[in-house]
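> Give me coordinates for this.
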Amino acid sequence: MLSIELLHIFILGGLILICLNYLLNLRSFRFPQITSITNPPPKISILIPARNEAERLGPCLSTLSDSDYPILEILVLDDHSTDGTAELIQQRAKGDPRIRLITGKPLPAGWVGKPWACHQLSQEAKGDYLLFVDADTRFSDITVAHSINVAEKEKADLVSLWPYQESRTWSEHLVIPFVHLFILFYLPHWAKGSLRCFGAANGQFVLFRRKSYEKIKGHESVRNHMVEDIAIARNMRQVGLKVLNLDGTNPGHRNALVECRMYTRFSEVWEGFTKNLYPSFDKNLPAFMLFQGIQILIFLTPFILLFTPYRTPLVWTEVAIILALRFAVAHRFRQSYLGAILHPMGQLLIITIALNSWLQSLRGRLPWKGRHYAHT
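Numbering: from 1, shown residues only. Predicted coordinates:
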């Protein structure tokens, strides 16, 4: 009986802390309402690494071309694509002279594909700000201007927007919402200081002040990291640079500042999260296992107890709190309500993918974009 009581103390205590952290994060995560325009506007280079993105790159380039900010250049690196990505870029460049194709060089030893592509883009860029975006992202016409204004007003060295994540298939509904859950439940964005472990960013939209980017040696500093966006944000935070993570869903408005459909089928969801979940812990196996244990204890155990003799009113209370949290986040960030209802299935699936990420790391076979990497 004592062990069950202790279990409930941990579960309820954990839920209370997560609720408090989430509420504190909402304030710091909110996109500031800044309307004044910096004059003269800083020069910005938009940089897009692309590997076999012919089906997704078009809307990204179209929405960037429609931006109301005077973009200096839009550089797209074709990383040895085999699906017509280069031809698409060349075609779009005819309609917008700011768009330029860069042909990627062979991947050197000791580098992961995306950091290498981003590094090559940074070498070609001429802007005062470097905005790295993924090929599957889409933007409103005010996104770039507002983000630059925030960076200038807040004197931020890195501004990362977290997009509205579009979901259509069952696996997307179950897994994709965990992107927001991880970033808002477990990291204290409201906390000041330079603790490296609190650093984070979303590679779908990362805006760097160029001088700050060069100060930490840019993507070269994370050349062998599978989760380069989080790693580079941690590097910046560690040296005292200002990192802002902000909401790109634009609540209360019809169109998000940034939209993205990360994956379109279960195999892509499995591979994408396998690539990220263990490497994001920087080879710290105890921290990784502790985090999985916390998820199991707090967000899965109450649902398991519903099918045991320990199904008490306290268990129902814990389940209600978890579901209330999920629905609150789903409403706030336009997530799938189906994913919230089926929370135990999604939580179990995300833990399974995390363990697969660890196993593939041990094998040196982390998959991404047709390549396999050793997690070094």
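
> From Ile298, how far out is Lys181?
No Lys there; residue 181 is Leu. Relative to Ile298, Leu181 is positioned 12 Å away (CB to CB, to the nearest Å). (Glycine included, C-beta is placed from N, CA and C.)

> ok, now Gln360?
To Ile298, Gln360 is 26 Å away according to CB to CB.

> report the longest helix in this structure, please.
Across the chain, the helix with the greatest residue count (assigned by DSSP state H) is helix 2-29.

> any idea which helix or strand comes after that helix?
Sequence order places strand 44-50 as the next helix or strand after helix 2-29, per DSSP states H and E.

> Distance from that following strand to the middle of the chain?
17 Å (CA atoms, centre = their mean, to the nearest Å).

> count of neighbours near the residue nearest to Asp128 when sequence neighbours are not counted?
In space, and not counting its chain neighbours, Asp128 is closest to Pro42: 4.3 Å by CB to CB, 6 or more residues apart in numbering. Using other CB atoms under 10 Å, Pro42 has 17 neighbouring residues.

> ditto for the one 10 residues further on
A count of neighbours around Asn52, defined by other CB under 10 Å, yields 18.

> And the strands in the stretch 251-376 of the chain?
Along the stretch 251-376 of the chain, counting by DSSP state E, counting those that start in this stretch, strands occupy 258-260, 366-368, 371-373.

> pLDDT on the second one, on average?
Within the predicted structure, the mean pLDDT of strand 366-368 is 84.

> helices or strands next to it in the packing?
helix 266-277, helix 343-363 (3 or more CB pairs under 8 Å, 6 or more residues apart in numbering; DSSP states H and E).

> between the ones you listed, which gets nearest to Ile9?
In terms of CB to CB, the element of the helices and strands packed on strand 366-368 nearest to Ile9 is helix 343-363, at 20.8 Å.

> now the closest one, how far from the chain's geometric center?
Worked out by CA atoms, centre = their mean, helix 343-363 lies 18 Å from the chain centre.

> do the same with stretch 115-134
Worked out by CA atoms, centre = their mean, stretch 115-134 lies 18 Å from the chain centre.

> give the contact list for Thr274.
Shown in contact with Thr274 (CB atoms under 8 Å, 6 or more residues apart in numbering): 353, 356-357, 360, 366-367.

> Return the set of buried residues in stretch 262-279.
Neighbour-count burial for stretch 262-279 flags 262-264, 269-279 (criterion: 16 or more other CB atoms under 10 Å).

> Tell me the one among those residues nearest to Gln91.
Proximity of these to Gln91 (CB to CB) peaks at Thr264, which lies at 23.1 Å.

> From Trp270, how far out is the closest one?
Counting by CB to CB, the gap between Thr264 and Trp270 amounts to 12 Å.

> Kindly report the same for Asp229.
Using CB to CB, Asp229 is found at 20 Å from Trp270.

> what do you get for Phe208?
Separation of Phe208 from Trp270 (CB to CB) stands at 31 Å.

> Same question for Lys242.
35 Å.

> how about the strands of the stretch 101-250 of the chain, start to end?
In the stretch 101-250 of the chain, the strands defined using DSSP E, counting those that start in this stretch lie at 129-133, 137-139, 158-162, 164-165, 205-209, 243-247.

> Which one of those lies nearest to Ala151?
Proximity to Ala151 (CB to CB) singles out strand 158-162 among the strands of the stretch 101-250 of the chain, at 4.9 Å.

> so that closest one versus helix 2-29, what angle?
110 degrees (axes from the mean of the first three to the mean of the last three CA atoms, to 10 degrees).

> Next one: Ile142 from His173, what distance?
From Ile142 across to His173, the span is 29 Å (CB to CB).

> Settle it for me: which of those two has more neighbours?
Looking at Ile142 and His173 with other CB under 10 Å, you find the greater number of neighbours at His173, namely 20 against 16.

> check contacts around the more buried one.
Taking CB under 8 Å, 6+ apart as the test, what His173 contacts is 167, 336, 338-339, 342, 346.
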